[in-house]
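# give me coordinates for this.
(2 chains)
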Amino acid sequence: EAAVTQSPRSKVAVTGGKVTLSCHQTNNHDYMYWYRQDTGHGLRLIHYSYVADSTEKGDIPDGYKASRPSQENFSLILELASLSQTAVYFCASSGQGAGQLYFGEGSKLTVL
Amino acid sequence: GDSVTQTEGQVTVSESKSLIINCTYSATSIGYPNLFWYVRYPGEGLQLLLKVITAGQKGSSRGFEATYNKEATSFHLQKASVQESDSAVYYCALSGGTGGYKVVFGSGTRLLVSP
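Residues are numbered from 1 along each chain as shown, chains lettered A, B, ... in the order given. Below you'll find the predicted structure:
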C-alpha cells in the first residue's frame, strides 16, 4: 500500500527559530506537495516538486523553502518561524496523470 | 488563479435523508480540469473519495456521486441516503488537465449525520 510518512508529527517552535518538516514516500511517485491547513481555509499549496533537485512555488510560498534531495524525500523549511505559521502541514505524493494525491498524517506546528 | 469554492462549512443531515454538498470551481489557466472529492473520516487521513477527469461524466464511490458540469463549473457531491458513518469532512479539489499537476482544494465541508 502507498505510504507517505511525515516527521515530526508535532512540534513546538519559538518565533525566529528554524523548523524543518520532513516527508518520505515509498510510492515511487514523481510528484510531491506540501500543504498547510488552517481553519476555514482548507488546504493551501505551499511548494511542490515533480523531480528530484527541483521545486516549484505553490500559492502561498512566502516564508517557506522546500528541498527535494531524492525522489523519496521532500522537506519544508521555515528559516525564521513566525506566529502566523502555526498550522497543520500535510505532505502528499502523486504519480503522473490525473492528480490523485496520497497524503501523510500531518504535522502540527505551533510557533510561540 | 484557479480556485474551488465550497459554500457550506458544515452540513447536518438526519440519517437516511439525502445529501448535497456544493462545489464550484474556477480554472482560468486550465481549460478542463480534473475534479476530485477527498474525505477525512474522524481519526483517519485524507483520502480520495472519487474523481472525474472528463466533462459531463459522473463519478461514484461508497454511494456518493458527483457529476462534472462544465457549463455550470460545478461538481456537487450527492448521496441519496446518508448513514452515520458518512460523518466526515469533504473536500472538493481540481488539478490541471493536460500535464498539469498542481492540485487546488476547497475549504472543506463538515458533514454531521444525526441518528
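# in chain A, which spans are strands?
Chain-ordered strands for chain A, with DSSP state E as the definition, fall at A:4-7, A:10-13, A:19-25, A:31-38, A:42-51, A:54-57, A:65-67, A:73-78, A:87-94, A:102-103, A:107-111.
# wait, a strand at B:Y101?
No. Note on B:Y101: no strand contains this position according to DSSP: H, G, I helix; E, B strand; the rest coil, which reports coil.
# any idea how far stretch A:105-112 is from the chain center?
Averaged C-alpha coordinates place stretch A:105-112 at 11 Å from its chain's average position (Cα atoms, centre = their mean, to the nearest Å).
# meant to ask about stretch A:87-98
In terms of Cα atoms, centre = their mean, the centre of stretch A:87-98 is found 8 Å from the chain centre.
# show me the contact partners of it.
Outside of stretch A:87-98, the residues that reach it under the criterion Cβ atoms under 8 Å, 6 or more residues apart in numbering or on different chains are A:2, A:4, A:6, A:21, A:23, A:25, A:27-38, A:43, A:46, A:74, A:76, A:100-104, A:106-109, B:34, B:46, B:51, B:53, B:95, B:101, B:103. Placement of C-beta: from N, CA and C, glycine included.
# next up, the contacts around the residue nearest to the spatial centre of chain A.
Centre of chain A computed as the mean C-alpha position; nearest residue by Cα atoms, centre = their mean is A:W34, 2.9 Å away. Residues in contact with A:W34 (Cβ under 8 Å, 6+ apart) are A:21, A:23, A:45-48, A:58, A:64, A:66, A:74, A:76, A:89-91.
# any idea how far A:C91 is from it?
Here the criterion is Cβ to Cβ, to the nearest Å. By it, A:W34 lies 6 Å from A:C91.
# can you name the residue of chain B nearest chain A?
Residue nearest to chain A within chain B (Cβ to the nearest Cβ): B:S95, separated by 3.2 Å.
# residues from chain A in reach of chain B?
A:31, A:33, A:35, A:40-45, A:48, A:50, A:58-59, A:90, A:92, A:94, A:96, A:98-101, A:103-106 (Cβ under 8 Å from any Cβ of the partner chain).
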